[in-house]
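A.B. asks: the following comprises the amino acid sequence and a computationally predicted model.
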Amino acid sequence: MFSPFSRVPSVSLGFLVPITVLVSSISLLVRLGFRFRFLECICHFRSVLTRRRKLRSNCVAPSVTSRSCFSINYAKREVRILCDKAKEILMEESNVQMAELAAEKHVRYILSVEKRKDNFESVVMEHLRMSGAYWGLTALDLLGKLGSVDVDEVTSWLLSCQHESGGFGGNIGHDPHILYTLSALQVLALFDKMDVIDVDKVTNYIVSLQNEDGSFSGDMWGEVDTRFSYIAICCLSILHRLDKINVEKAVKYIISCKNMDGGFGCTPGGESHAGQIFCCVGALAITGSLDLVDKDLLGWWLCERQVKSGGLNGRPEKLPDVCYSWWVLSSLTMIDRVHWISKEKLIRFILDCQDTENGGISDRPDDAVDVFHTFFGVAGLSLLEYTGVKPIDPAYALPVDVVNRIFFTK
């Protein structure tokens, strides 16, 4: 993990003195009533130990004085006090009554969206109806209600969105795009209807979008983004055609988008963002390349996305949003660092974003609901192992039983 002291050739361990002052200050604030998350307390302690290890490995320290030994022990003691206080706070907060998932109302809301053709939500989603179908249908499946829809009707509409190039558009008559192609394949996977498409034709469309540097364009117009790298890899994996692209170049391009903070951007040098991180980590997971990720460094960046309300944001200094319950949580799950956040507080945040009267989930409490946030809220609860929600695969964003059917049945 990166340390600001990693390039210091020689330094005394006396640097721990200002750290003990900082820890003492934080401890005092806690005693005065300020609240710090337990995770933040652990971060302080971990920083002390990490920096100490870095210094000992990168420099030849003279002799450890009695003062520096005292500083180390004092820091440990202060952090223990701080952690104990934080645990007490968490226990107090856990006694507050938690809302329940209004599953039946969410199902009714999702089914009603398709029936209302003249409302605002329907109009603004017209161009991305294919992705809307994926969000709504996957949420229904996670809630055990996929049988509520007419499979043949949806499949017929979906096929009418396919372009002669092999790709799918967001709606009938729209240009093909790699994003809507993935959504179409995911819907067909939910229905176990992959046999209705020409696999080679779809494969050729996706393969045609890979660029010389290994990146992928979203469509014929050439926009490049790590989102499209993930989508291409996910599509071809679902189709069992991953060998049709240059996987080595694709992985190399994704790694070139990694930043010093451990995150990933949309292109090399782009700002780290939770959505892009999901795409990059998901693509690396599917290709078996997660060993190229600094899991601790990325894990710290991701767990710092949790704010006081328990929700997660997409990057520093932004408001929490239910959709990041998926982007952040799935990434943490894939790198095995999901235990670094407060699961209980995140569950609370998601449930507080429900419309308990009409169904649906919004980005934040008391905002308007939509299918997008409803799906990602339910998907987040799935990763959090919430009772009554089917398990979801963090890399493919499909129910685990669907993924198993794709890869483990003939």
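C.D. replies: Sure thing, it's come through.
A.B. asks: tell me which element the residue nearest the centre of the chain falls in.
C.D. replies: With distances taken as CA atoms, centre = their mean, W327 lies nearest the centre of the chain, 1.9 Å away. Assigned by DSSP states H and E, W327 belongs to helix 324-334.
A.B. asks: got a list of contacts for that helix?
C.D. replies: 274-275, 277-278, 281-282, 285, 290, 298-299, 302-303, 305, 311-314, 338, 340-341, 346, 349-350, 376-377, 379-381, 383-384, 394-395, 397 (CB atoms under 8 Å, 6 or more residues apart in numbering). Any C-beta I mention is one placed from the backbone N, CA and C, and that applies to glycine too.
A.B. asks: ok, stretch 343-352 next?
C.D. replies: 93-94, 98-101, 306, 309-312, 320, 322, 325, 329, 361, 365, 377, 380-381, 384, 386.
A.B. asks: report the residue ranges of every domain in the protein.
C.D. replies: According to automatic domain parsing, the chain comprises the domains 13-94, 103-408.
A.B. asks: winner for burial among those?
C.D. replies: Mean neighbours per residue, mean count of other CB atoms under 10 Å, is largest over those for domain 103-408, with a mean of 19.
A.B. asks: gap between the two ends of it?
C.D. replies: Taking CA to CA, to the nearest Å, the first and last residues of domain 103-408 lie 30 Å apart.
A.B. asks: distance between that domain and the chain's centre?
C.D. replies: 9 Å (CA atoms, centre = their mean, to the nearest Å).
A.B. asks: hang on, the earlier thing: mind checking how far the residue nearest to the centre of the chain is from L101?
C.D. replies: Distance, W327 to L101, using CB to CB, to the nearest Å: 20 Å.
A.B. asks: ok, L111 next?
C.D. replies: 17 Å.
A.B. asks: and if you look at D336?
C.D. replies: Relative to L101, and taking CB to CB, D336 is found at 26 Å.
A.B. asks: could you do E385 as well?
C.D. replies: Where L101 is concerned, E385 sits at a distance of 13 Å (CB to CB).
A.B. asks: do the same with L329
C.D. replies: For L329, the distance to L101 - CB to CB - is 16 Å.
A.B. asks: got any ranges where the chain has weak pLDDT?
C.D. replies: 1-97, 120-121, 410 (pLDDT under 70).
A.B. asks: mind running it again at 50?
C.D. replies: Within the chain, the ranges that satisfy pLDDT under 50 run 1-17, 32-33, 35-39, 41, 44-45, 48-49, 51-69.
A.B. asks: tell me where it has strands.
C.D. replies: For the chain, the strands defined by DSSP state E occupy 361-362, 369-370.
A.B. asks: and I178, which of those strands is closest to it?
C.D. replies: strand 369-370 (23.1 Å; CB to CB).
A.B. asks: L384: what's it in contact with?
C.D. replies: L329, K343, L346, I347.
A.B. asks: need those in TSV with distance to A232, can you?
C.D. replies: Formatted as TSV, the contacts of L384 follow (distance: CB to CB, whole Å):
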residue	distance to A232
L329	23
K343	32
L346	30
I347	33
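A.B. asks: widest-spaced pair of those residues?
C.D. replies: L329 and I347, at 10.8 Å, using CB to CB across the contacts of L384.
A.B. asks: for L398, give me its contacts.
C.D. replies: T138, Q186, A189, L190, I392, I406.
A.B. asks: 6 Å instead, please
C.D. replies: L398 makes contacts with Q186, as judged by CB atoms under 6 Å, 6 or more residues apart in numbering.
A.B. asks: report the separation between it and D152.
C.D. replies: 21 Å.
A.B. asks: do G169 as well
C.D. replies: Distance, G169 to D152, using CB to CB: 21 Å.
A.B. asks: thanks a lot, catch you later.
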